[in-house]
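[1] after the sequence you'll find the predicted model.
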Amino acid sequence: MAVTKMIEPRDVDLPAQDRGAIAAKVGGVLAKTYELLLASQLVHWNVKGELFLPVHQLTEQHYNELFATLDVLAERMRALGTEVPSDGATKSFSVSAKLDGSSMVNMVEQLIAMHEDAAKGAREVAGFADDADDPVTSDMMMDSLKFHEKAIWMLRAIVTK
Ligand SMILES: [Fe+2]
């Protein structure tokens, strides 16, 4: 997600250039969070078979948590002094429509892979924010990392025989 070049002034000991770079990273996490939310909903709606209930219920918990995270991330971008681009976000939505629904296990495996990717992204952005002396963004990334790692465990436990 591209971030606008206009960075609003903030006298918080974070240079505008750093704030813009951090916000761009947060925007990337925002897009991935949206993808994962939609993928979780697709699994929630389409799941069938003997594991219907645990997968149906867990994916609902996940998309609700992801929805709340979206607001935190987008508002962090605003607090850093950038806009949340209205043109970049929509491109990511088609990714979640590519879920292979040929089997329930397959769908859950794809969700796990997306959580793993999101966890790596959150860890990377946390390090980036730490290097820029921005503990607030780093702390948000830690919250996301905790969530994704727990989601990976729970989803993996459901499909492990
Ligand atoms: Fe539902």
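    Right, received. Where do you want to start?
[2] distance of the residue lying closest to Met107 once chain neighbours are set aside from His62?
    In space, and not counting its chain neighbours, Met107 is closest to Val43: 4.9 Å by Cβ to Cβ, 6 or more residues apart in numbering. C-beta coordinates here come from the backbone N, C-alpha and C atoms, glycine included. Counting by Cβ to Cβ, to the nearest Å, the gap from Val43 to His62 is 9 Å.
[3] which SSE is the residue nearest to Met107 in?
    Element membership of Val43 [criterion: DSSP states H and E] is helix 16-46.
[4] now the element after the helix or strand of the chain with the lowest mean pLDDT, going C-ward?
    Every helix and strand of the chain was ranked by mean pLDDT, DSSP states H and E. The lowest is helix 93-96, at a mean of 51. The helix or strand immediately downstream of helix 93-96 is helix 104-131, counting by DSSP H and E.
[5] buried stuff in that next one?
    104, 107-108, 110-112, 114-115, 118-119, 121-123, 125-126, 128-129 (16 or more other Cβ atoms under 10 Å).
[6] which elements pack onto the next helix or strand after it?
    Using DSSP H and E, the helix or strand that follows helix 104-131 in sequence is helix 135-159. In terms of contacts (3 or more Cβ pairs under 8 Å, 6 or more residues apart in numbering; DSSP states H and E), helix 135-159 is packed against helix 16-46, helix 52-79, helix 104-131.
[7] out of those, which comes closest to Pro85?
    helix 16-46 (7.2 Å; Cβ to Cβ).
[8] low-confidence bits of this protein, can you list those?
    Scanning the chain for pLDDT under 70 picks out the ranges 1-5, 87-97.
[9] done for today, thanks.
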